[in-house]
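1. Build me a model:
(one chain, ligands or ions: 2)
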Amino acid sequence: MLLIFRSLCQTHLHFKMLMKMHRPILKNAFGLFRSRPRRCLNLHTQQGERQLVRFTPAVGPPGTTTRFQRSGSHGGGSRQTVRGLGSTASDSLYQSTFDKALDNASEFWAEQAEQIVWFKRWDKVLDDSDLLFPKWFVGGELNTCYNAVDHHVIEGNGDCVALIHDSPVTNSQEKVTFSQLQEQTAKLARVLIDNGVQKGDRVVIYMPMIPEAVVAMLATARVGAIHSLVFGGFASKELAVRFDHAKPKLVLCASVGLEPGRIVDYKKMLDAAIDMSEHKPHKCVIYNRPNQENPMLIPERDLNWNDVVPAAKPHDCVPVSANDPLYLLYTSGTTGMPKAVVRPSGGHAVALKWTMKNIYGLNPGEVWWAASDLGWVVGHSYICYAPLLNGNTTVVYEGKPVGTPDPGSFFRVLQDHNVAAMFTSPTALRAIIKEDSKGAYAYNYNLEKFRYLFVAGEHLDLECFHWCKQHFQAPVLDNWWQTETSWAITAHHVGLGNNLSPPHGSTGKPVPGWNVKILGSDGEVLKPDELGTIAVKLPLPPGAFSTLWEADDRFKDLYFKKFPGYYNTMDAGSYDSDGYVYVKSRADDVINVAGHRIASSAIEEAIMLQGDVVECAAIGLKDALKGHVPVGLCILKKDVDKTDKQIISEIVSTVREAIGPVAAFKKAVIVNKLPKTRAGKISRQTVASMANGEPFKIPATTEDFTAYDMVKAALQAEGIMKC
Ligand code: COA
Ligand code: AMP
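-> Residues are numbered from 1 along each chain as shown. Ligands and ions are numbered 1, 2, ... in the order given. All right, here's what the predicted structure looks like:
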């Protein structure tokens, strides 16, 4: 207790000094001294203690408990009244906001930036003298952790719950208040500093969905370092590639992750990755999970989080420049080269905070749940940063939509934590529908507090949309964005009065700040209903990526060369005459697997590691659950003496080992030829359309037209393609 008290006093002291320095600016510009504590929504925990609760599911399988009566029809599939629809306003607020962000971007974003606490106010809102590298809030200094955590404590909301960890895989729930989060991040920040991490250094985070992963992100931000979180479903080799690329000084890792039916040995994968990589992180801080075996630590290199963090003195927030990077996030491009998106601190904080109310309709103090993983951009933005910046309680869910223990889990979480709105992917929802097509589990739960279901990551199919609307009894609102952008490019803006029953298939209207155009192949702006590349007129708004890590030229070539003056999203789509955008498909060789981008080239490189393949192509095959799954078309070397079956099985396990289970690579076929153009480019998109039974046109420049027939026959023989 004494330690906690001392640490809070120390943080408070530092803060007082800081306030003294910046009092006039802060007072006049931000009204910092006038605020009152907000009302937490029945979420106080006992002071000073992190609350750990073992729980038993509130209800059993369908039929064992009283069903909650809901408005509208039950189970029959008919359309019904949905909460929220009656309250839709006209689009005028949306339109005036969009116009203001377009016509007077500096004024618009300066107003939004007032919601963030700056250690030093910006000198200029936007410097777009180089349109490809716009600088937002030039001269401004802030700290994202300060805004996400300390600010709420100082405002008197320290006892409000910042984070709820709901973990069906460990059968526990835990609540962490803003004060507790402040204490933990401040202590871990000290450990980082004591182990040589300085402003601008990279810290890799390799952890499952536990509160410590959020603490790790925030602590890194607190000291002005740059985090790079790696999703647990990636194997050691992928982790090693990131070590060599980002050159982290330190790694924050958990002992294990718990997947249904197996334990993921994070520490073992970390050790293997460090063995493989040329760059060796100086230190690794290992968090040992309760009730799990503690891994062996490597002397000199590894520290035990459970010892060093509680013993550390808190460290204050380090001011960083608005354009200093907050994090790197790796994503798939069309080459196998690592591609890390760089996120600027200032614009990100401003934009993300703005979205919580204006797009997602959430007030501070309400509970929000993004059912994704911290390793993806959705997790970065909407499990960690945006809800905390806005003073919401964020749910960190360590479980699956199904099987932990049943397809009612999502509904149980919404009920147990009074969630007001959630964000997830169609894949996760389809997994529920597959196991509970009638929504029998859903009716066990009371979703009185639940207002909106937001989805993103991939196309939302009509069946999924209707099922969700019926069983979540809330508007189902799609939004479209990318790792590069960190927030939605198009959305249905709940807070700006957009229609909550938009036309199906649309991902919404352009979000204020995103000047979306549909371009033809020569860069001409297309008319409504014409299909083209979706592009965004420059400059990009605050929060969008500022470059690719140590690859400015690649950044310029990849995203801005094809359509000068625009950001090329590499997605294809169209507008309708009411201004709604429809996202159809990727325009490059990237496969979207369960809402995650996997490059064809990365899978092809992994296939080649098996050793018997001379050439291959990976294409995306339609999948009822995951949207698409990859399939490999492989040409074998001449002197191979194994059976095809044996080779395919080896290829599948090689890819799993090289990329990780996240690639969901389970199918390969042996072919004699690959369809190519005369220039030698493999026509992956055309083959994919053929394999998926979609209309396709064989390019006139094809080298050997019979290659298509050969691939078709091979896919049919394996039952992958229907005759
Ligand atoms: N650490 C280690 N392994 C992981 C992992 C993690 N954090 N997450 C997933 N994996 C593994 C899984 O165990 C699985 O391994 P397996 O091949 O041995 O079964 C593999 O990676 C594929 O995982 P996943 O795609 O999650 O498939 P699944 O069959 O386990 O689960 C769903 C299916 C629908 C539950 C899952 O795909 C899902 O929830 N998707 C949502 C995607 C999402 O949130 N997208 C973000 C965009 S909004
Ligand atoms: P990622 O960067 O991994 O989040 O993937 C971004 C890609 O996912 C986009 O470029 C789209 O191809 C796809 N995507 C994201 N959201 C949607 C959506 N709402 N509808 C259709 N595709 C989407």
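2. List the pairing partners of the helix or strand hosting I598 within its sheet, with orientation.
-> Secondary structure from DSSP states H and E places I598 in strand 596-599. Strand 596-599 sits in its sheet next to strand 590-593 (antiparallel), going by DSSP bridges.
3. Would the partner strand count as contacting ligand 1?
-> No: in terms of Cβ under 6 Å from any ligand atom, no part of strand 590-593 sits within range of ligand 1; the closest distance is 7.0 Å. All C-beta atoms are positioned from the backbone trio N, CA, C, and that covers glycine.
4. How far off centre is that strand?
-> The chain centroid and the centroid of strand 590-593 are separated by 15 Å, computed with Cα atoms, centre = their mean, to the nearest Å.
5. do that strand and ligand 2 meet at all?
-> Yes: Strand 590-593 is in contact with ligand 2 by Cβ under 6 Å from any ligand atom, via N592.
6. Dump that strand to CSV, keeping only the CA atoms.
-> Coordinates of each C-alpha in strand 590-593 appear next as CSV, following Å, rounded to 0.1, in the frame of the first residue of the first chain:
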residue,chain,number,x,y,z
VAL,A,590,-3.1,-10.2,-51.1
ILE,A,591,-5.4,-12.8,-49.6
ASN,A,592,-7.8,-11.8,-46.8
VAL,A,593,-8.0,-14.8,-44.4
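7. Give me the contact list for that strand.
-> Residues outside strand 590-593 that contact it (Cβ atoms under 8 Å, 6 or more residues apart in numbering) are 332-334, 457-458, 570, 586, 597-600, 603, 618-620, 626-630, 662-664.
8. Return the residues of the protein in contact with ligand 1.
-> Checking the chain against ligand 1 by Cβ under 6 Å from any ligand atom, the hits are 208, 232-233, 257, 259, 264, 372-373, 376, 378, 400-401, 425, 427-428, 431, 456-457, 594-595, 661-662, 664.
9. Now the buried members of those residues.
-> 208, 232-233, 257, 259, 372-373, 376, 378, 400-401, 425, 427-428, 431, 456-457, 594-595, 661-662, 664 (16 or more other Cβ atoms under 10 Å).
10. Helices - which of these land there?
-> Among these, the ones falling in helices (DSSP state H) are 378, 427-428, 431.
11. Turn those into a markdown table, including distance to ligand 2 and pLDDT.
-> Shown next, in a markdown table, are these (distance: Cβ to the nearest ligand atom, whole Å; pLDDT from 0 to 100):
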| residue | distance to ligand 2 | pLDDT |
| --- | --- | --- |
| V378 | 7 | 95 |
| T427 | 11 | 88 |
| A428 | 13 | 93 |
| A431 | 17 | 92 |
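12. Looking at the stretch 451-600 of the chain, which residue is nearest ligand 2?
-> T483 (3.4 Å; Cβ to the nearest ligand atom).
13. Return the residues in contact with that residue.
-> Applying Cβ under 8 Å, 6+ apart, the residues contacting T483 are 329, 331, 341, 376-377, 545, 597.
14. and E238, that one's in a strand?
-> No: assigned with DSSP: H, G, I helix; E, B strand; the rest coil, E238 falls outside any strand and is helix.
15. right, and it touches H245 too?
-> No: assessed by Cβ atoms under 8 Å, E238 is found out of contact with H245, at 10.7 Å.
16. so V204 touches I226, yeah?
-> No: using Cβ under 8 Å as the test, V204 is too far from I226 to be in contact (10.0 Å).
17. where does the stretch 51-200 of the chain have low pLDDT?
-> Where the stretch 51-200 of the chain drops to pLDDT under 70, the residues are 51-90.
18. which intervals of the stretch 601-723 of the chain have sub-threshold pLDDT?
-> Counting by pLDDT under 70, the stretch 601-723 of the chain shows low-confidence ranges at 679-680, 723.
19. Nearest to ligand 1 within the stretch 601-723 of the chain, name that residue for me.
-> Distance from ligand 1 to each residue of the stretch 601-723 of the chain (Cβ to the nearest ligand atom) is smallest for P661, at 3.2 Å.
20. dump the residue contacts of the residue lying closest to that residue once chain neighbours are set aside.
-> Distances taken as Cβ to Cβ, 6 or more residues apart in numbering put G233 closest to P661, at 5.3 Å, once the chain neighbours are dropped. Residues in contact with G233, defined by Cβ under 8 Å, 6+ apart, are 375, 660-662.
21. cool, H152 as well?
-> Per Cβ under 8 Å, 6+ apart, neighbours of H152: 158, 160, 162, 178, 388, 391.
22. What parts of this structure come near ligand 2?
-> Residues of the chain found near ligand 2 (Cβ under 6 Å from any ligand atom) are 331, 377, 456-459, 478-483, 507, 571, 583, 586, 592, 596-597.
23. run the last query once more with 8 Å
-> Applying Cβ under 8 Å from any ligand atom, one finds that the chain approaches ligand 2 through 331-332, 376-378, 455-460, 478-484, 490, 507, 569-571, 583-586, 590, 592, 595-597.
24. now, which of these lie within strands?
-> 455, 478, 490, 569-571, 583-586, 590, 592, 596-597 (DSSP state E).
25. which among these end up buried?
-> 455, 478, 490, 569-571, 583, 585-586, 590, 592, 596-597.
26. quick one, helices of the stretch 401-550 of the chain?
-> All helices of the stretch 401-550 of the chain, identified by DSSP state H, counting those that start in this stretch, fall at 409-416, 426-435, 462-472.
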